[in-house]
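*Asks:* Whatever this is, show me its structure:
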Amino acid sequence: MSACANEPIEEKPTSVLSSKKMAEILLDVQLLEASLNINRYPIDTSSSSPTAPTLEIFEKNNITPQQFRESMRYYSNHLDTLNYIYELVLNDLSKLKARVENEQKKPKAIADSTNVGETE
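*Replies:* Residues are numbered from 1 along each chain as shown. Model (predicted):
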């Protein structure tokens with residue numbers, strides 16, 4: 001059943017993090033998960049008791065685990081906004097990937113250019 005046009009729009013509670021802040025935190029969480037998966041150390045960020053690395057992310061962003069959980073709960077009920085947040089995260093991940101790929105190319109290009117014309 002669809003919502004009535006006259007229904008009041010639910011206001012976002014003040015304890016819920018902004019979309020931008022949530023995207024920043026989720027980016028950090030994604031990077032942490034990728035790093036831990038590479039090192040074969042599984043992490044469950046949905047757990048009610050966050051791990052030390054996850055707590056460091058919360059501390060870095062000046063939030064509490066409770067704020068993160070409340071925000072995830074809110075955005076999970078507002079999927080359009082959650083999708084927007086994940087689009088921000090994916091865009092940032094793509095930018096980071098491009099930056100890393102560019103950095104990986106630089107040392108090789110510099111090393112190759114220093115050997116030009118050298119003979120042994």
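
*Asks:* The residue nearest the centre of the chain: what's it in contact with?
*Replies:* Closest to where the C-alpha atoms of the chain average out (Cα atoms, centre = their mean) is residue 27, at 1.1 Å. For residue 27, the contacting residues are 88-89, 92-93, by Cβ atoms under 8 Å, 6 or more residues apart in numbering. For every residue, glycine as well, the C-beta is placed using N, CA and C.

*Asks:* quick one: which of those residues is most hemmed in?
*Replies:* residue 89 (20 neighbours; other Cβ atoms under 10 Å).

*Asks:* ok, it touching residue 25?
*Replies:* No - look at residue 89 against residue 25 with Cβ atoms under 8 Å: they stay out of range, at 9.4 Å.

*Asks:* mind exporting stretch 19-33 as PDB, just the C-alpha atoms?
*Replies:* What follows is stretch 19-33, C-alpha atoms only, in PDB (Å, rounded to 0.1, in the frame of the first residue of the first chain):
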ATOM      1  CA  SER A  19      24.500  11.900   4.800                       C
ATOM      2  CA  LYS A  20      27.900  13.300   4.100                       C
ATOM      3  CA  LYS A  21      29.300  12.300   7.500                       C
ATOM      4  CA  MET A  22      27.800   8.900   7.100                       C
ATOM      5  CA  ALA A  23      29.500   8.500   3.700                       C
ATOM      6  CA  GLU A  24      32.900   9.500   5.200                       C
ATOM      7  CA  ILE A  25      32.500   6.900   8.000                       C
ATOM      8  CA  LEU A  26      31.300   4.200   5.600                       C
ATOM      9  CA  LEU A  27      34.300   4.900   3.400                       C
ATOM     10  CA  ASP A  28      36.600   4.400   6.300                       C
ATOM     11  CA  VAL A  29      34.800   1.200   7.200                       C
ATOM     12  CA  GLN A  30      35.000  -0.100   3.600                       C
ATOM     13  CA  LEU A  31      38.700   0.600   3.600                       C
ATOM     14  CA  LEU A  32      39.200  -1.100   6.900                       C
ATOM     15  CA  GLU A  33      37.200  -4.200   5.800                       C
END
